[in-house]
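>>> no sequence for this one, just the structure:
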């Protein structure tokens, strides 16, 4: 159009204010109206062929709403200055840039719509906006994930890559900015995809990795506490820590596998231990039941209330340690019984002591009430303790004492005994 040629001729190499343009183009020989001049400049601006100086800033895009007054307000139009933009991208360059930015879903991330109608300057600006968006995403990750830089070092370094694309877009660099994107598109895309994958991983799986790590550390500590060792668990722990220092986004499946190995082995250990504990306390509970029947059938209830309570407490203690198959998930403690491996092993080791407690309770059964005050009591019960040797093992000594306690099963706690010790 003739008007476009005339306007471009005036503003081709320098900024010209609106007052001057209106004055020159409204007179002879052109006689263009104010509306025609403004409409022409607006069309050039929308197509990315015009820059505008207004309110102390230079504007390149019709998307920047603050510059609209320079076209809609006659007074502000006269104070604004306009200059043609002559440098443009080739169609091939624009097509590649648009496709790349659309592939990265720029609009979803930044709100900027990018298509083949986007002018050159807005296209360059979209590159800056998406780079700034993901630099901000990295800052958020760093603020919300403790030790983010050390846990995700290959992600943290993407900030340096994105900074190359985040510099301010100007009239002198916007084409260069697009050309830089086209020459390094794979790097730019890879950087953004790395961040997106990490965001998804942190949202979905990072908590699982932390759970796996805590579990394996707890298992190792529990084995030490239980004075146990397991080569498979140790190997899984070492491999897990090695993978954890790498890119856990990529090694998640392997991390999960090693955690499962440790879980399966620990489950086997705690299951076997629980089976052994259950067996011991089932045997003891059977003896307690027998003692309860004996107490009920052969001893006055009123005189043995405290013995009844002791037996009930011991039976409850046994019942609590008779457990089914453990359920550990990723915890060293069984969800059903509340015991860890070391707890179970300790309770199993205590079973013989609880058996001795039962013998002591049985020896305290009271068959008859003590004589009333003032009446002559019975003479002391004579007990002969035959000691084979002055030096013996602890087991031999315990066996000796157990047989003595059994012999006193029918005696009252307050009954006197006369002890005769004989060395064989």
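Yes, it's here. As the structure is a prediction and not an experimental result, all values here were calculated from the model. Numbers count the residues shown, from 1 in each chain.

>>> Just give the nearest non-adjacent residue to residue 252, would you?
Nearest residue to residue 252 in three dimensions, chain neighbours excluded: residue 205, at 5.5 Å (C-beta to C-beta, 6 or more residues apart in numbering). Any C-beta I mention is one placed from the backbone N, CA and C, and that applies to glycine too.

>>> ok, that neighbour touching residue 253?
No: contact criterion C-beta atoms under 8 Å: residue 205 and residue 253 do not qualify, at 9.8 Å.

>>> Please state the offset of stretch 21-31 from the chain centre?
Its chain's C-alpha centre and that of stretch 21-31 lie 70 Å apart, by C-alpha atoms, centre = their mean, to the nearest Å.

>>> when you give positions from now on, start the count at 45
Got it, first residue is 45 now, which makes that one stretch 65-75.

>>> list the buried ones in it?
65, 66, 69 (16 or more other C-beta atoms under 10 Å).

>>> Quickly name whichever of those is closest to residue 140.
Closest approach to residue 140 among these (C-beta to C-beta): residue 65, at 36.0 Å.

>>> follow-up on the earlier one: looking at the buried residues of stretch 65-75, which are in helices?
Counting by DSSP state H, the buried residues of stretch 65-75 place 65, 66, 69 in helices.

>>> As a check, name the ranges of all strands in the protein.
60-61, 94-98, 101-103, 125-128, 425-431, 461-467 (DSSP state E).

>>> By mean pLDDT, show me the worst of those.
Here the lowest mean pLDDT among the strands of the chain goes to strand 425-431, at a mean of 71.

>>> what sits up against stretch 268-287?
Taking contacts as C-beta atoms under 8 Å, 6 or more residues apart in numbering, the residues outside stretch 268-287 that touch it are 256-257, 260, 263-264, 267, 295, 298-299, 302-303, 305-306, 309-310, 313, 384-386, 389.

>>> In the stretch 295-444 of the chain, mark out all the helices, start to finish.
Along the stretch 295-444 of the chain, counting by DSSP state H, counting those that start in this stretch, helices occupy 349-364, 385-407, 438-451.

>>> So residue 156 versus residue 110, what's the distance?
16 Å (C-beta to C-beta, to the nearest Å).

>>> ok, these two, which is more surrounded?
Between residue 156 and residue 110, counted using other C-beta atoms under 10 Å, the more crowded position is residue 156 (18 against 10).

>>> The more buried one touches residue 173, doesn't it?
Yes: at 5.6 Å, residue 156 counts as touching residue 173 under the criterion of C-beta under 8 Å.

>>> got any residues that touch both of those two?
Common neighbours of residue 156 and residue 173, counting by C-beta under 8 Å, 6+ apart, are residue 150.

>>> give me phi/psi at residue 91?
Main-chain torsions, residue 91, degrees, to the nearest 10: phi -90, psi 0.

>>> What is the neighbour count of it?
14.

>>> residues contacting it?
Contacts for residue 91 (C-beta under 8 Å, 6+ apart) come out as residue 163.

>>> same thing but 10 Å
For residue 91, the contact set (C-beta atoms under 10 Å, 6 or more residues apart in numbering) comprises 106, 129, 132, 161, 163, 164.

>>> Inside helices: which ones of those?
Counting by DSSP H, the part of the contacts of residue 91 found in helices is residue 164.

>>> now the contacts of residue 91: which count as buried?
By 16+ other C-beta under 10 Å, the contacts of residue 91 give 106, 129, 163, 164 as buried.

>>> my read: the last one touches residue 132, true?
Put plainly, it is residue 164. Yes: taking C-beta atoms under 10 Å as the definition, residue 164 is a contact partner of residue 132 at 6.0 Å.

>>> overlap in contacts of these two?
Common contacts of residue 164 and residue 132 (C-beta under 10 Å, 6+ apart): 91, 92, 93, 138, 219.

>>> List only buried entries from these.
Neighbour counting with 16+ other C-beta under 10 Å marks 92, 93, 138, 219 as buried within those.

>>> Return the member of these nearest to residue 320.
Using C-beta to C-beta, these come closest to residue 320 at residue 138, 75.8 Å.

>>> Local confidence estimate at the closest one?
Note on residue 138: pLDDT of 91.

>>> where do the helices sit along the stretch 95-244 of the chain?
113-116, 118-123, 135-147, 150-154, 164-188, 192-195, 197-200, 202-207, 218-227, 229-248.

>>> I'd like these as JSON lines, with distance to residue 379 appended.
Below are those laid out as JSON lines (distance: least, C-beta to C-beta, whole Å):
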{"stretch": "helix 113-116", "distance to residue 379": "68"}
{"stretch": "helix 118-123", "distance to residue 379": "72"}
{"stretch": "helix 135-147", "distance to residue 379": "47"}
{"stretch": "helix 150-154", "distance to residue 379": "42"}
{"stretch": "helix 164-188", "distance to residue 379": "30"}
{"stretch": "helix 192-195", "distance to residue 379": "29"}
{"stretch": "helix 197-200", "distance to residue 379": "35"}
{"stretch": "helix 202-207", "distance to residue 379": "41"}
{"stretch": "helix 218-227", "distance to residue 379": "54"}
{"stretch": "helix 229-248", "distance to residue 379": "24"}
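
>>> Looking at those, which is nearest to residue 328?
When the helices of the stretch 95-244 of the chain are ranked by distance to residue 328, counting by C-beta to C-beta, first place goes to helix 229-248 at 48.4 Å.

>>> pLDDT averaged over the closest one, what's the number?
Helix 229-248 comes out at a mean pLDDT of 96.

>>> Any buried residues in it, and which?
In helix 229-248, counting by 16+ other C-beta under 10 Å, buried: 229, 232, 235, 236, 238, 239, 242, 243, 245, 246.

>>> now that helix, how far from the centre of its chain.
For helix 229-248 - counting by C-alpha atoms, centre = their mean - the centre lies 19 Å from the chain centre.

>>> Give the residue spans of the stretch 295-444 of the chain that score low on pLDDT.
Across the stretch 295-444 of the chain, the ranges flagged by pLDDT under 70 are 414-422, 428.

>>> go with 90
Low-confidence segments of the stretch 295-444 of the chain (pLDDT under 90): 411-444.

>>> repeat for the stretch 45-194 of the chain
45-60, 66-76, 85, 87-97, 99-111, 116, 118, 126-135, 156, 160-166.

>>> sorry, back to before: so which of the buried ones among the shared contacts of residue 164 and residue 132 would you say is closest to residue 123?
Nearest member of those to residue 123, counting by C-beta to C-beta, is residue 93, at 21.6 Å.

>>> does that closest one really touch residue 106, like I thought?
No: contact criterion C-beta under 10 Å: residue 93 and residue 106 do not qualify, at 11.3 Å.
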